[in-house]
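J.: just the structure for this:
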Amino acid sequence: MPQTTVRTGRARVLLIGTYDLGHQPFGLASPAAWLRAAGHEVDCLDLSRQAIDAEVVARAAAVAFHIPMHTATRLALDALGEVRRVNPGARICFYGLYGRANAEYLLARGADSVLSGEYEAELVRWAGESPAATGPRQLTVLDRLQFRVPDRSGLPPLQRYARLAIGERRLVVGYSEATRGCRHLCRHCPVAPVYGGRVRVVQPEVVLSDVAGQVAAGAEHVTFGDPDFFNAPAHAMRVVEALHSRWPALTYDVTIKVEHLLGHRRLLPRLAATGCLFVTSAVESLDDRVLAIFDKGHTRADFIAAVGACRAAGVVLHPTFVAFHPWLTRGRLLETFAVLERLDIVGAVAPIQLTTRLLVPEGSLLLDLPELVHLWQEFDPARLIHPWQHPDPALDDLQREFEEVVARAGLQGWDSFTTFDHLWALAGGSPPARRECPAGDVPQFEEPWFCCSEPVGELINGWEMPDPAT
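T.: Numbers count the residues shown, from 1 in each chain. This is a model prediction of the structure:
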């Protein structure tokens with residue numbers, strides 16, 4: 001496939017990221033490569049690790065905010081005010097997964113373009129256009145691209161981002177993507193409304209070149225951020241086999257749906273053999289009714305089977321959850337604690353996963369279910385969500401108390417088991433007497449991982465993620 005070329009005028013473009021789960025932002029590095037190849041001058045600011053630089057902002061003709069998450073979108077809108085104050089004449093674009101859901105509001109806030117999907121080529125067009133030629137617009141682009149190797153020059157070094165903790169070891173972590181989009185239509189997922197079941201494959205040589213640059217920069221482990229690494233399993237295995245052949249000591253992690261862990265379980269030993277330390281899987285709930293509402297494609301029994309399949313293959317399973325939702329009961333919550341304890345998987349559950357609250361942004365497929373319409377309030381443009389309240393206010397209170405416990409745990413250095421037991425007891429359960437904590441060698445990132453959830457309060461209210469460099 002020939003490289004896509006977009007010829008436009010030249011501009012000085014500032015790409016701004018606000019939060020990308022503790023990773024050096026691929027969503028800045030990838031478009032930076034495209035823009036520079038087209039002749040544009042590019043500056044990058046990652047506000048999760050850098051302060052706004054007024055001089056850099058002032059010299060930009062165009063400013064583009066990357067919004068891969070709901071939290072990042074909220075933080076980007078906070079930063080927009082400062083950008084406007086310093087450079088009121090700059091053109092503004094928002095691009096990324098949460099562009100489509102929030103396009104109307106972002107355009108109303110002064111953006112002249114909002115891009116979702118495969119945004120790189122469109123960003124190049126936008127950067128070189130005259131705003132008078134197009135006017136405000138929202139585009140969702142799903143073109144098949146010949147990808148470029150991301151250009152990470154100008155970004156903070158990998159050593160300043162979240163490291164992977166394995167006992168006393170701390171590994172420098174890189175990040176890449178082998179596919180984008182997803183074949184599935186889980187109703188609570190932000191990917192489904194944008195990609196509609198489509199997947200776009202990143203050419204293996206591009207992935208390997210991207211990893212090579214990060215290894216040269218000190219990466220000892222790589223996170224593959226694909227929504228589901230087994231959306232294209234043959235392609236995925238080609239990538240990791242080549243990765244392991246070139247860098248035998250390099251480890252990695254991936255995200256895979258429960259149904260794919262079971263459907264492709266024969267591949268799990270190969271993941272382990274090529275350096276996969278753990279698999280993140282969006283389990284979301286242990287309640288089959290809730291899983292059916294979300295259209296997750298698996299059951300509680302499937303999750304339990306997936307834990308066993310991963311354990312047998314020598315790969316740790318990291319489940320993630322949408323812990324609080326309108327259908328939760330205290331009994332179901334206590335049962336979740338008990339099942340995780342019984343499966344001996346507590347050490348692999350990041351405590352923040354037990355605090356998460358269902359996110360319902362504009363465009364969510366949950367809004368399409370007539371039987372659920374009574375649950376959602378009108379869209380709140382300040383919070384960029386359709387708010388909801390639990391029928392039992394005590395459970396909403398408990399969710400906030402859970403967040404406070406997890407924040408305190410971080411400050412006091414509690415391990416996963418201690419935090420888990422505090423949450424379990426707060427919910428009204430009776431945690432068992434603890435054996436010696438076996439979680440020390442379970443790989444965990446130093447920053448909390450969460451996705452399809454309303455923002456963690458500390459992120460929105462001003463708490464800054466710790467900088468590993470300090």
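
J.: can you tell me the SS state at the nearest residue to Gln203 once chain neighbours are set aside?
T.: Among residues not flanking Gln203 along the chain, Phe147 sits closest, at 5.9 Å (Cβ to Cβ, 6 or more residues apart in numbering). For glycine as for every other residue, the C-beta is placed from the backbone atoms N, C-alpha and C. The three-state label given to Phe147 by DSSP: H, G, I helix; E, B strand; the rest coil is coil.

J.: mean confidence score for stretch 124-137?
T.: Averaging pLDDT along stretch 124-137 yields 80.

J.: what does it rub up against?
T.: Here stretch 124-137 makes contact (Cβ atoms under 8 Å, 6 or more residues apart in numbering) with 6-11, 13, 31, 34-35, 38, 40, 62, 64, 91, 93, 107, 111-115.

J.: try 10 Å this time
T.: Stretch 124-137 is contacted by residues 4-13, 31, 34-42, 61-62, 64, 91-93, 95, 103, 106-108, 110-115, 119, 122, 139 when judged by Cβ atoms under 10 Å, 6 or more residues apart in numbering.

J.: buried set for that stretch?
T.: Neighbour counts over stretch 124-137 (16 or more other Cβ atoms under 10 Å) mark 124-129 as buried.

J.: would you map the strands across the stretch 301-450 of the chain?
T.: 316-321, 444-445 (DSSP state E, counting those that start in this stretch).

J.: what would those strands look like in JSON lines with mean pLDDT?
T.: Compiled in JSON lines, the strands of the stretch 301-450 of the chain are given as follows (pLDDT from 0 to 100):
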{"stretch": "strand 316-321", "mean pLDDT": "96"}
{"stretch": "strand 444-445", "mean pLDDT": "90"}
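
J.: of those strands, which is nearest Phe402?
T.: Smallest distance to Phe402 across the strands of the stretch 301-450 of the chain (Cβ to Cβ): 11.6 Å, for strand 316-321.

J.: direction included, what does the closest one pair against?
T.: When pairing is defined by DSSP bridges, strand 316-321 lines up against strand 276-284 (parallel).

J.: heading C-terminal from the strand it pairs with, find the next helix or strand.
T.: Scanning forward in sequence from strand 276-284 by DSSP states H and E, the next helix or strand is helix 288-294.

J.: ok so, going back, of the strands of the stretch 301-450 of the chain, give the one that comes closest to Ala272.
T.: Here strand 316-321 is closest among those (Cβ to Cβ), at 9.6 Å.

J.: what's the spacing between that closest one and its chain's center?
T.: 14 Å (Cα atoms, centre = their mean, to the nearest Å).

J.: do the same with stretch 402-415
T.: Distance, centroid of stretch 402-415 to centroid of chain: 22 Å (Cα atoms, centre = their mean).

J.: which parts of that stretch are buried?
T.: 402-403, 405-407, 409-410, 414-415.

J.: tell me the one among the buried residues of stretch 124-137 nearest to Ala216.
T.: Val124 (26.6 Å).

J.: pop out the phi and psi values for the closest one.
T.: phi -60, psi -40 (degrees, to the nearest 10).

J.: ok, Arg12 next?
T.: phi -100, psi 120.

J.: just the ones of the buried residues of stretch 402-415 in helices?
T.: 402-403, 405-407, 409-410 (DSSP state H).
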